[in-house]
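Visitor: Sequence plus the predicted model coming up.
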Amino acid sequence: MTASRFRDLHRAGTLLVLPNAWDAGSAAAIQHAGAPAVATTSAGVAWACGWPDGDKLPASELLASVTRMISVLSVPLSADIEEGCSNDPDEVGRFVASLVKAGVSGINIEDAGRDPAELTAKIRAIRAALGDRDLYINARTDIYLRGIATGDEAVGEVVRRAGLFREAGADGLFAPGIANIDEVRRVAKALGDMPLNVMLVPGLPSHEALYEAGARRLSAGIALALDAYAATAKGAAGFMGKAEPEGLSYPLLNRLLARTDA
C-alpha cells in the first residue's frame, strides 16, 4: 500500500520535495514538519551509526536504522542503500527484500559512476527477489556528481543509463549534481514518464522552475544532517566556553568517523 502511495506522490502535479532523515528522531521531526514522505540520507545514516559515508555501513546496521524510522512514521519511507551493501546482485536482492518486509516503500541504489551493467544486474535481482511485492526503485547515476561528464556528453550518458535501468525494473532516475535548467529539461524530456529526481546543490533553480522543466522530485541530500551536526559542534563549543571549532564539512566529519576496525 505505501509503495503505491509513494509512487503516486511523483505524479501529484507538484514537485515532490523530500527532506532527508538520518535517524528515527529526524524522521519524526521531518514528518511533523508536514512531509508527505521521508527519504534517508546514506551519509547521515552512516554517521548516526558511527560509520563514515562511502558504502561502509553494514547491511545489518542499515536495516536496523531504517526499521527504527519506520516504527515512528505514518508516511512512506524511501531508503538510500548506496550500492546495495554488496557487489553480489543476489545478495542485494535478498537485502532489499528484508527492507520491504520491514516496511520500506522505496529505495535509492546507485551506480557509483561505474559500468551501468553492475547496477542493472542488481535491479533485476531485486525485482526477482521481490516477486509481486511492490517497491519504488530510484536508480541513481553519478555522472554529474562525480564529474564524469559535463554538458551534452553528460545528458547523453545519463539518458542512456536511465534506459538500461528502466528496462531492468527501475521506476525513477536520480541524477544528483545536475543543476543547469536546460540540461534538466533535456534529461526529463528524454525520460518521458520516468520521474527525474534531482538533488539540492548550489545554484539549483527554484522548485517551480524545476517542475516546469520536468523534474518531479527534489532531495535535500546531506544538507539537513550536516547542518545539524555542525550546529551541535558549534553549540557544544559555546556551552563549554571554547572557541568556535573548524566548520564541520562533509570531508571532516567523514574523517572524524574513520574507523580502525573497518
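Guide: Happy to help now that I have it.

Visitor: Am I right that residue 216 is in a strand?
Guide: Yes - counting by DSSP: H, G, I helix; E, B strand; the rest coil, residue 216 is located in a strand.

Visitor: Quick check: closest non-adjacent residue to it.
Guide: residue 195 (3.9 Å; CB to CB, 6 or more residues apart in numbering). All C-beta atoms are positioned from the backbone trio N, CA, C, and that covers glycine.

Visitor: Repeat that for residue 183.
Guide: Nearest residue to residue 183, sequence neighbours excluded (CB to CB, 6+ apart): residue 155, at 5.4 Å.

Visitor: Poorly predicted segments of the chain, please.
Guide: Low-confidence segments of the chain (pLDDT under 70): 1, 261-262.

Visitor: Now name the helix or strand holding the closest residue to residue 58 other than its chain neighbours.
Guide: In space, and not counting its chain neighbours, residue 58 is closest to residue 85: 7.0 Å by CB to CB, 6+ apart. Under the criterion DSSP states H and E, no helix or strand holds residue 85.

Visitor: Now name the helix or strand holding residue 95.
Guide: In the assignment (DSSP H and E), residue 95 maps to helix 89-102.

Visitor: meant to ask about residue 125, not that
Guide: In this structure, residue 125 sits in helix 116-130 according to DSSP H and E.

Visitor: For that helix, name the packing helices and strands.
Guide: Under the contact definition 3 or more CB pairs under 8 Å, 6 or more residues apart in numbering; DSSP states H and E, helix 116-130 sits against helix 89-102, strand 106-110, strand 136-140, helix 151-168.

Visitor: change it to 7 Å
Guide: helix 89-102, strand 136-140, helix 151-168 (3 or more CB pairs under 7 Å, 6 or more residues apart in numbering; DSSP states H and E).

Visitor: which residues are in contact with the first one?
Guide: Put plainly, it is helix 89-102. 59, 63, 66-67, 70, 79, 84-86, 107, 121-122, 125-126, 128-130, 133, 135 (CB atoms under 7 Å, 6 or more residues apart in numbering).

Visitor: Just the buried ones among those residues, please.
Guide: The neighbour count (16 or more other CB atoms under 10 Å) marks 59, 63, 66-67, 70, 79, 84-86, 107, 121-122, 125-126, 129-130, 135 as buried among the contacts of helix 89-102.
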